[in-house]
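>>> Give me a 3D structure for the following:
(one chain, ligands or ions: 1)
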Amino acid sequence: MASSTTDSITELRKAFLDAWSRCSQVNQRLLVALALLLLPPTLIFLNSILFGNSKRRLQAPLPPGPRGLPLLGSLPFLDPELHSYLADLSRKYGPIMKLQLGQKLAVVISSPSTARQVLKDHDIIFANRDVPVAGLAASYGGSDIVWRPYGPEWRMLRKVCVLKMLSNTTLNSVYSFRRKEMRSTVKFLWSRAGSTVDIGSQLFLNVMNVITTMLWGDTVHGEERDILGAEFRQAVAEMTLLLGIPNLSDFFPAIRRWDVQRVERKLGVLRTKFDTIFESIIQQRLKMDNQESQSGATDFLQILLKMKDEEEGFTITHLKALLMDMIVGGTDTSSNTTEFAMAEVINKPEIMAKAQKELDSVVGKDSIVEESHIPKLQYLYAIMKETLRLHPALPLLVPHCPSESVTVGGYTVPEGSRIFVNVWAIHRDPCIWENPLEFDPERFLGSNKYDYSGNDFSYFPFGSGRRICAGTAMAERMVMFSLATLLHSFNWKLPKGLNELDLDEKFGIVLKKKSSLAVVPTPRLANLQLYHE
Ligand code: HEM
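Residues are numbered from 1 along each chain as shown. The predicted structure follows:
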């Protein structure tokens, strides 16, 4: 294109020079001179238009999607159960679909091949987050791992988290904390044997206590600790709710200052509540002069305070933001997964019997479950995987955001759009899974085909690529340990008058069971002393 343009310029210039020599009159000469002067820029201008157009013609179109209303786009039509609503729309518009939400363009990914392109082939481009106003307010302005943009600061935080706090070595060293909390849950359930127990609340409290004990060990004791547990439960529930609701400030940045739905204000109050608690615990820990906690293990707060002194750029704000990530990111996710697993298993007595048979052969009926038993519990592992398939804790992952425009599945995904990867839809796709709505742990037995390391885009409940969950090892331990202990120590029945538990889901940044799981435990171990260990 460029060489043909140069050729034509040369030819035309020659023609005009010939004309010039033939011109005798002054005004004619002037005209030709003017034309000569103007011709090259005119040709360059025409060329740029032609070239520009051809480039535009080559660019892939935007993905298909519903039309929506002027200005508002699809906002008025959003269903609160966003994961299933988007799955329904994708069946109509395809595995990559666009949705205009006010001024924000959302792109929904719902097939293994498009997910692979986003999370693997273009991993770095999509490693940023589309940070909602709520996310900023909850995380000290995005000073944490979840919402930090991809870059050196995020890398530093992630390194601290994965290597120092959530590695297998550190997790082994704080097993005593997990064990102690699990034993006190068993003791409580034993005291309520034969009556209906809200197991959802118990599981949350258990995970919350495990996590806070791992975070600051026995810095906080007795009654103060119980009050703290209850306060956190309330605050985490409110926070995940606010993080999940569509916020007009995200879709119309110009009106953010008015905070129409009061999301930012409410989150600010919650953040201050957490901050006051963090401050007081940090002060107590510092007073203890960084000595070992009473149990002899090193807690996460000690590790983080050491990091603050040793790692350049790691500030007290980062420290608090990481505490927040552990509490908000680690509690609901693990306890809701265990709650869904229990509900599925209680609905299918043959699956419960099979899991208990395995537990009896690995643990025995005259011992209690220890974490060291977990690698031998293959059937229970299949139950956990099947639960994460049907009820992935983060059904749309955490929103990703491309740092530049890129082509995916033949369509342009513009820079700055909000990417929803609908892992929930992929996990229920009948083209991938036989009887996809059936809870059937057997599908995970006898092969290592589906692991959740993020390499298989048919099954990735923890995400994939650079932003894959930072707490997979901890989540696995907590879900497996709770499930194993609950199913080994008790038989579980439905409350009188109920034939089946409902498994309805409620969308939020973390997927919940719509109604809390209320069931009846009956001790199944002969030696009652085991309930008091
Ligand atoms: C069953 C339990 C859990 C599930 C299913 C789960 C799943 C996920 C998913 C899907 C993501 C987003 C990945 C993406 O956007 O591509 C994520 C991110 C994250 N998770 Fe988990 N998670 C669980 C438990 C935990 C626990 C126990 C912790 C820590 C105590 C944790 C810490 C994090 C952090 C820090 C991130 C942000 C990673 C980043 O942006 O770099 N998660 N998790």
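
>>> So in the protein, where's the weakest helix or strand by average pLDDT?
helix 26-58 (a mean of 48; mean pLDDT, DSSP states H and E).

>>> Give the next helix or strand downstream of that helix.
Next in sequence after helix 26-58, counting helices and strands by DSSP states H and E, comes helix 82-93.

>>> Could you pull up the residues touching residue 421?
Residue 421 makes contact with 109-110, 115, 118-119, 396-397, 400, 463, according to Cβ atoms under 8 Å, 6 or more residues apart in numbering. Heads up, the C-betas are built off the backbone N, CA and C, glycines and all.

>>> now do 7 Å
By Cβ atoms under 7 Å, 6 or more residues apart in numbering, the residues touching residue 421 are 109, 115, 118-119, 396-397, 400.

>>> tell me the secondary structure for residue 520?
strand (DSSP: H, G, I helix; E, B strand; the rest coil).

>>> Could you do the one 10 residues further on as well?
Three-state call for residue 530 (three-state DSSP): helix.

>>> and the residue in the stretch 151-300 of the chain that the ligand sits nearest to, what element?
Nearest residue of the stretch 151-300 of the chain to the ligand (Cβ to the nearest ligand atom) works out as residue 158 at 5.5 Å. Using DSSP H and E, residue 158 maps to helix 152-159.

>>> tell me how far that helix is from the chain's mean position?
17 Å (Cα atoms, centre = their mean, to the nearest Å).

>>> doesn't residue 71 make contact with residue 101?
No: Residue 101 is beyond contact range of residue 71, at 11.2 Å (criterion: Cβ atoms under 7 Å).

>>> Those two: who's more crowded?
Set residue 101 next to residue 71 and count neighbours by other Cβ atoms under 10 Å: residue 101 wins out with 19 against 10.

>>> which ones are touching the residue of the chain found nearest the ligand?
When scored by Cβ to the nearest ligand atom, the chain has residue 471 as its residue closest to the ligand, at 2.2 Å. Neighbouring residues of residue 471 by Cβ under 7 Å, 6+ apart: 166, 329-330.

>>> Inside helices: which ones of those?
329-330 (DSSP state H).

>>> okay, and for this structure, where does confidence drop off?
The chain contains residues with pLDDT under 70 at 1-58, 218-226, 229, 289-297, 447.

>>> switch to 80 and redo it
1-58, 217-234, 288-298, 447-449, 533 (pLDDT under 80).

>>> need the contact list for the residue lying closest to residue 65 once chain neighbours are set aside.
Distances taken as Cβ to Cβ, 6 or more residues apart in numbering put residue 98 closest to residue 65, at 3.9 Å, once the chain neighbours are dropped. With contact taken as Cβ under 7 Å, 6+ apart, residue 98 is in contact with 62-63, 65, 105, 107.

>>> and what of residue 464?
By Cβ under 7 Å, 6+ apart, residue 464 lies in contact with 119-120, 454.

>>> please redo it, this time with the cut-off set to 6 Å
119, 454 (Cβ atoms under 6 Å, 6 or more residues apart in numbering).

>>> that older thread, following the strand or helix carrying the residue nearest to residue 65, which helix or strand comes up?
Element membership for residue 98, per DSSP H and E: strand 96-101. Counting by DSSP H and E, the next helix or strand C-terminal to strand 96-101 is strand 104-109.
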